[in-house]
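[1] return a 3D structure for these sequence lines:
(2 chains)
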Amino acid sequence: MKRKAKPAAPAQTLPKTLTGIQGLDEITLGGLPQGRPTLVCGGAGCGKTMLALEFLIRGAMKYGEPGVCMMFEESASELAANVRSLGFDLDKLVAQKKIVLDHVHIERSEFEETGEYNLDGLFIRLGHAIDSIGAKRVVLDTIEALFAGLPNHSILRAELRRLFRWLKDRGVTAVITGERGDSSVTRYGLEEYVADCVIILDHRVEEQISTRLLRVLKYRGTTHGMNEYPFLISAHGISVLPITSLRLDHEAPTQRLSTGVARLDEMLGGKGVFRGSSVLISGTPGTGKSSIAAKFVEAACQRGERALLFAYEESAAQIVRNMRSIGIDLDKHVQRGLLQIHSSRPTLQGLEQHLVMMHDAVCEFRPSVVAVDPISNLSFETNESAVKPTLMRLIDFLKQRQITAFFTSLTTGGGLRSSPEDSQIGVSSLMDVWLLLRNSELNGEHNRTLYVLKARGMSHSNQVREFLLSDAGIDLVDVYVGAAGVLTGSTREMQEAQELAASTLRGQNHERKLRQLAGKRKAIEAQIAMLQAESDAEGAEVNFVIAQERLQEKDALQNSKELAALRSGKGGSRPTRKNS
Amino acid sequence: MKTPATPSKPPVAAFELRLYVAGHTSKSVAALTNLRRICEVHLAGQYRIEVIDLLKTPQLAAGDQILAVPTLVRRLPHPIKKIIGDLSNEESVLVGLDVQPVQP
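    You can find the predicted model right below:
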């Protein structure tokens, strides 16, 4: 089927023709091969004709390249009606001789085949149309219809081969559409003849969400994005979402924005989030996600900036009423024209249509802040892989416009059992700041806690804060962290009261102990004094005894002397005795 | 553009035939020869043939929705019928023109 590709000279770049289709030129790195046919194939209703026509119309309007469209299925008036919904006035372009439409109608029942023939008639018609306006672009919309009209396929195949050769010789850039086949790229194997560039369109419905996908199957002689890219058909034509080829080159503003909650700003390095960053708030039901989003929006409006709120849960009036209960007056800003609330059910339309709607609304309103509440509703909480490309596209789109985006997301099965961090793995990598709200249940009370899971490029608090919603607004308080764990709500207050009581008690205890000690010390001192006195007394006694004994000794000596004198007869007076 | 009308009954021809060709190829010559022969045999005096060379007048191709050449278009009687090919098979040409063959 595939012919062997000639080794392309790498230095030489293939001349390319810009399609003018948003995103497609990025994927193909400059458009379709110039002067060669490109095959666009896909199933029914996947947008082949739209793509081909937009290629033609953009060429005529933007690049000054007139084009010829040869339709084998739709008439000129039908086609004009179809593209009118995309905002293109085909009739005008035809009148200006920028586009020629030629409807080739073949009715099998009108034909009878006898003998040899060729398709020179088609060549002549096409050639005439090209010459009449000097066309550079040609669209053959579902040339495969010929297979149904002409019974002799061997002639037809030979003629198609000749046709594509002929188109190349004419040097026109052609887009040929083909119906997707079961086993081959196209039902009748057109890829055999168009070997330069093949684009496949697909239309898939997963989980009731439809997604259009585009893939460049081959592009001879040049590199191109290989992946499947979602694309949209909006009021402004086709928009391909080149997710992976998108250059991550948006600017990074250093300006910081307040989230509207002072304590939250404090947790985010004291200044809030960067302008143009994306913020995700995830949490279980009833944790206050919408309230924070509303506060953020209000803060923007109070700064005099425009804000856009996409709500997928509540109507605009309901949001205004409910937010008033926590002191957020959104109605005022709506009146002033600073705030727009777009409410719709996620089931209203597919994911891509939602994206288109957001895209259009953002382009029109030019807000500086966008909040989406919640993004999880868009994916029906089932298929994050589907919502991720859409979201990525949205975030990139917003970043390029330096719009700060605020997304809320409902986590399922949250609570304390499973980790809520796990539930948002898919989208969280796209986010610059991720705030997590949790309900903690303790002692028959549900309390909200908030913490910053990540915040790119800024120092941020690692603390869990208790998140309070009251009619005075939103506030964050420090939670009690102690031996008994993290406590919130009345338990926290109770614990704090207990702490206070216990510390007072301890203080009193200490004083008592000090007093006791002082008393004891006094007693000991008294005892010491007593012992001292006792010892003094004892000392005095000892001295007295000693003195007495000395006296007696002296007396005895005196007596003995007197006795001796008496014995010698020199008697004198009688010895007198001293009394002590 | 040559219009070799047949001699018989020039005012109103029951069968108004138009043969589209592209240049003077063997196929177009063969188609014209075959057509003339068949008409002479089966539609003597009731037909008119107009030959259109698309190389000379390409703008006429769209009008009759011509893709293949040669194509024979039966413009009258209604409805319009088309026969593509070099008209070498007499039987299918007659079927295509909805003409009862004249038994020789």
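[2] make it CA atoms for all contacts and neighbour counts henceforth
    OK.
[3] write out the residues of chain B neighbouring chain A.
    Contact residues, chain B versus chain A (CA under 8 Å from any CA of the partner chain): B:22, B:27, B:54-55, B:58-59, B:61-62, B:65-70, B:80-89, B:92-93, B:96.
[4] try it again with 6 Å
    Taking CA under 6 Å from any CA of the partner chain as the contact definition, chain B meets chain A at B:58, B:66-69, B:81-89, B:96.
[5] please, where are all the strands along chain B?
    In chain B, the strands defined using DSSP state E lie at B:15-21, B:47-53, B:71-76, B:81-84.
[6] residue A:74 is nearest to which of the ones you listed?
    strand B:81-84 (21.0 Å; CA to CA).
[7] what residues of that closest one count as buried?
    Buried residues in strand B:81-84, defined by neighbour count with 16 or more other CA atoms under 10 Å in any protein chain shown: B:81, B:82, B:83, B:84.
[8] so what's the third one scoring on pLDDT?
    If I follow you right, that is residue B:83. Listed pLDDT for residue B:83 reads 86.
[9] pull the CA atoms of the helix or strand hosting residue A:298 into CSV?
    Per DSSP states H and E: residue A:298 is located in helix A:289-302. Once non-C-alpha atoms are left out, helix A:289-302 reads as follows in CSV (Å, rounded to 0.1, in the frame of the first residue of the first chain):
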residue,chain,number,x,y,z
LYS,A,289,-14.6,25.2,47.4
SER,A,290,-17.2,27.4,45.8
SER,A,291,-17.0,29.9,48.5
ILE,A,292,-13.2,30.3,48.1
ALA,A,293,-13.7,30.6,44.3
ALA,A,294,-16.4,33.3,44.9
LYS,A,295,-14.1,35.1,47.2
PHE,A,296,-11.4,35.0,44.7
VAL,A,297,-13.7,36.4,42.0
GLU,A,298,-14.9,39.1,44.4
ALA,A,299,-11.4,40.1,45.2
ALA,A,300,-10.6,40.5,41.5
CYS,A,301,-13.7,42.7,41.1
GLN,A,302,-12.8,44.8,44.1
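[10] so which residues of chain B form helices?
    B:26-42, B:90-97 (DSSP state H).
[11] can you give me the buried ones in the last one?
    By neighbour count, and taking 16+ other CA under 10 Å as the criterion, the buried residues in helix B:90-97 are B:92, B:93, B:94, B:96, B:97.
[12] in the stretch 451-580 of chain A, which residue sits nearest chain B?
    Among all residues of the stretch 451-580 of chain A, residue A:456 sits closest to chain B, at 63.9 Å; criterion: CA to the nearest CA.
[13] what residues are up against the residue nearest to that residue when sequence neighbours are not counted?
    Distances taken as CA to CA, 6 or more residues apart in numbering or on different chains put residue A:432 closest to residue A:456, at 5.2 Å, once the chain neighbours are dropped. Contact analysis of residue A:432 by CA atoms under 6 Å, 6 or more residues apart in numbering or on different chains lists A:277, A:278, A:279, A:455, A:456.
[14] likewise for residue A:312?
    Counted by CA under 6 Å, 6+ apart, residue A:312 has contacts A:343, A:344, A:345, A:346.
[15] distance from the helix holding residue A:298 to the middle of the chain?
    17 Å (CA atoms, centre = their mean, to the nearest Å).
[16] what average pLDDT does that helix get?
    88.
[17] repeat that for stretch A:169-178.
    91.
[18] quick check: buried residues in it?
    Buried, per 16+ other CA under 10 Å, within stretch A:169-178: A:171, A:172, A:173, A:174, A:175, A:176, A:177, A:178.
[19] what's the burial count for residue A:515?
    Per other CA atoms under 10 Å in any protein chain shown, the neighbour tally for residue A:515 reads 12.
[20] residues touching it, list them.
    Counted by CA under 6 Å, 6+ apart, residue A:515 has zero contacts.
[21] in which helix or strand would I find it?
    Using DSSP H and E, residue A:515 sits within helix A:489-567.
[22] now do that helix: distance to the chain's middle.
    80 Å.
[23] quick check, central residue of chain A?
    In chain A, the residue lying closest to the centroid (CA atoms, centre = their mean) is residue A:431, at 3.0 Å.
[24] sec struct for it, please.
    For residue A:431, the assignment made with DSSP: H, G, I helix; E, B strand; the rest coil gives coil.
[25] tell me if I'm right that it and residue A:278 touch.
    Yes. With contact defined as CA atoms under 6 Å, residue A:431 and residue A:278 form a contacting pair (5.2 Å).
[26] tell me if stretch A:161-181 is near chain B.
    No. For stretch A:161-181, no contact with chain B is found by CA under 6 Å from any CA; the gap never falls below 12.2 Å.
[27] how distant is that stretch from the center of its chain?
    For stretch A:161-181, the distance to the chain centre is 44 Å (CA atoms, centre = their mean).
[28] just stretch A:39-59 next, same as before
    Centre to centre, stretch against its chain (CA atoms, centre = their mean), the figure for stretch A:39-59 is 33 Å.
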